[in-house]
Every structure is written in C-alpha cells, then in structure tokens.
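> Kindly return the folded structure for what I paste below:
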Amino acid sequence: MGSICQLAGASGVQPGASSTVSTDFTSGPVTGAGTFSVNALGSPPDQLITLNLGDPTTWTCSCPSSCRYGVTVSNPGTSGINYFVSQARASWFQTVGGDVHANNGGGGILPAIRNPLSSICSGACKPYTSLRDILDTVNSSGIISYNNGSVDTWSDYGKQTYNLDEDDRHLLVDSNHNKPIENFAYFWRRFELRPQEVSGVSDDFEFDYYDAAKPTDPPLDNRPAYYHPGDMTISSYPWNVGVGEKLTIFVDGNLTIENTTSVTPGGFLAFIVKGDIIFPATFGDPDPAATAALVQGVFIANGTIDVQSLGGTNQDLKFIGEGTFAGLSGVQLSRDYHNTANNQNPTELFRFRPDFLINLPQDMKKPIYTWRPVAP
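Have a look, this model is predicted:
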C-alpha cells in the first residue's frame, strides 16, 4: 500500500462540512469525527485516493502535503488510510524587488525553489515569491530563474508555478548558467590581491576574528580589501557602515553572523567567503510581522548560506536581510513558526538593494572580456 502517514495521539476532525475523500471513480463524505468510507468495489485495485478539503481557506494537508495517496485497494477492504490536516500553512520565504535563481549544477542561489506560499495570505500579506520594490514600482518584482532544478511556489496540488511575482508577469526562466562563477577565487583575482599560496598575506582580524568588530583602519599592506585566513564570527559588535564607506571582507573559512550589519545608502559592505555564511537560529526577530532588516550587505559564499532553525516544533525567529545573498553550493532556509503565523508571514524576507550596485568598489566593476579567434 505504500507509505501512510502516522501521528500518535492525533484526534479526528472534519476539515470543512463538505469534505470528501475520492478515488478515481467515486467518493464519500468525511464525518464530523474525521472518519470516511469510500466504496471502491468494481474499480481497478490501483487507486489515487484524495482528501478534498471542505474549507481550504482554513485547513491544509500536512501529511501527505498533496492530500493524496496512490494505494492498492484490497477486497474486502483497505483501512488505516490517514490524512493529517492543520490550520497552519507551511513556512515560506519572500523577496522584495529582487531576482531569485536556482542552479542545481552549482553557481546559483538555490538548488531548487521550494516555496509553498500561503493560499490564505490576505490583508497586508501578499502571497507572491517576489514582491515589487519598496516604492511599489510597477514591474519591479523579480524574475524567477533556474537551471537543472525545479520550481514549486504554491502549496496546492497542480499549481506549482502559481503567484511567482506580484506583477503577475509569470517570468519563470529556464536558464543555462554558463557564465564565470563569481566565487572567492574570482573576486580575489579581481581585487588583484596577493596569491594566497605565497606566505605572508596579512590578517586584518588577527586579534578579534572570534568576535570581529567593523575595522576602522585601512586594510593592511595597502590592499583594496580586508582579509582573514580562517573562520570568523560577528557577535558582540554591530557593524554600521556610513555614507562613503566601502568595505569588502574576504574570509578564507566560514563566517558566522549573529549581530546586525547596517549600510547607509551611499555606503557598501560585502563579505566574500570561501566556506559557509551562517546565521544562527538565535539571530532573528521574534515578531513574525517584523520588516526591519537585521543584516544589510552583499553576502557571497562558496559554500552555503545557512539560515538556521531552532528545530523541533519551536517557533523560529524571523530572518530579514537586505542586499544580495548568493550561496554557490546552496541556500538553506530552515525556519518555521510552526503555528498560524505561517499563514500571513514569511519566515525569511529578502529585500534587494539597488544602491549597492551604484556603490560597488571599483575592483568589482571591471568589465569581463572573453577572447576567442574569429575567422577573417
């Protein structure tokens, strides 16, 4: 019969007065106690059995999430087919004014886009993967693109690419990402920094890498960027970047951020990391409706960008980031409110900062040339 969902101690419930369970050929009602019986006699033994929610604005299937099983019906009967429903939707993320790219072959943002938007999101909540920018400019919502991956942006069966963007342009692009991979080594060359295999590359965070404060002195050795050869943590000290300040930090290891980073328009902050960029589960806003950014900047990791969860059924804190977030080996968005806050609020919110493009350091603005012979 395949794998049937189990949950010890669950009680029966009717998810709406007109709820039914149907096979390929017939159906039966769900009682007030949450039980059902469907007469499938005379039908083929292999059946697709579906729970049809009577009140889908209130209830959702938590297991199986598709509300359906493929089972083999026996004679005299098959029992123990369980559906588990909840009034809380699955957790989801949202972007504001920015593009989203998934590149299963590496060099993108997500290996696949799995974003089960809340179908009962209403009022101030807008059920789109990408919203318009903060000025509500028409056609400013982002483009969703992928390569060798997949996209699923809606929790209801059969609506896997529903509500992609607020402008309803349905801009879903299957794109082969064959451009240069802009990773740690790529930007290291762009900044024309000293080869790492040569000893003596000075450490700008030698004495505080375990709890790094924003540097106030220029980079050592007249370099155009700061460097640390190992793991680094930002914990006790918030980083506040003002107008005219431009800071690029190379971390040859993992970077853990558990305090705020803010960048005033006219400033610039980038972390280019050889390992992972980690936002611990304890770093976030306890208010699911919060909108104020916790981190601002450009965050590029050769590894993953990991927005960690408290785990279990604990209500996670909301993560809010502004800028660009690129995990070249993947992005892990694991947070979940585990309650009805999921119905109206994303657990991770990302806002694009176009001013960072204007204020890029000169070494990140160099044009890319591709030389090849051309027949005369």
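> Export stretch 35-52 to CSV, keeping only CA atoms.
Extracted in CSV, the C-alpha atoms of stretch 35-52 (Å, rounded to 0.1, in the frame of the first residue of the first chain):
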residue,chain,number,x,y,z
THR,A,35,-13.7,9.3,9.5
PHE,A,36,-14.6,8.3,6.0
SER,A,37,-15.6,5.3,3.9
VAL,A,38,-15.5,5.0,0.2
ASN,A,39,-17.0,2.1,-1.8
ALA,A,40,-14.4,1.3,-4.5
LEU,A,41,-15.8,-2.1,-5.4
GLY,A,42,-15.7,-2.8,-9.1
SER,A,43,-12.9,-0.3,-9.6
PRO,A,44,-9.3,-1.2,-10.6
PRO,A,45,-7.2,-2.1,-7.5
ASP,A,46,-4.6,0.7,-8.0
GLN,A,47,-6.3,3.9,-7.0
LEU,A,48,-5.4,7.6,-6.4
ILE,A,49,-7.2,8.5,-3.2
THR,A,50,-7.6,12.2,-2.5
LEU,A,51,-8.9,14.2,0.5
ASN,A,52,-10.9,17.1,-0.8
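> Now do it, average pLDDT.
Summarised as a single mean, pLDDT over stretch 35-52 is 81.
> Can you pull out the residues in contact with it?
12, 15, 19-30, 61, 67-75, 81, 83, 85 (Cβ atoms under 8 Å, 6 or more residues apart in numbering). For the C-beta atoms, the positions are set from N, CA and C on the backbone; glycine is no exception.
> Figure out how far that stretch is from the centre of its chain.
37 Å (Cα atoms, centre = their mean, to the nearest Å).
> Just the buried ones among the contacts of stretch 35-52, please.
15, 19-23, 29-30, 61, 67-69, 71, 73, 81, 83, 85 (16 or more other Cβ atoms under 10 Å).
> Show me those residues that map onto helices.
Taking DSSP state H, every one of these sits outside helices.
> dump the residue contacts of residue 59.
15, 16, 53, 85, 86, 87.
> Tell me how far the fifth one lies from residue 175.
When Cβ to Cβ, to the nearest Å is the yardstick, residue 86 and residue 175 sit 36 Å from each other.
> the more surrounded of those two?
A direct count of neighbours by other Cβ atoms under 10 Å for residue 86 and residue 175 places residue 86 higher, at 17 against 14.
> So that one versus residue 98, what's the distance?
Residue 86 is 30 Å from residue 98, by Cβ to Cβ.
> which helix in this structure runs the most residues?
helix 184-190.
> residues of that helix that come out buried?
Those would be 184, 187, 188, 190, for helix 184-190 by 16+ other Cβ under 10 Å.
> counting contacts, what elements does the very next helix or strand once past it pack onto?
Per DSSP states H and E, the first helix or strand lying C-terminal to helix 184-190 is strand 226-228. On a contact count with 3 or more Cβ pairs under 8 Å, 6 or more residues apart in numbering; DSSP states H and E, strand 226-228 meets strand 246-251.
> Spatially nearest residue to residue 59 (excluding sequence neighbours)?
residue 15 (3.7 Å; Cβ to Cβ, 6 or more residues apart in numbering).
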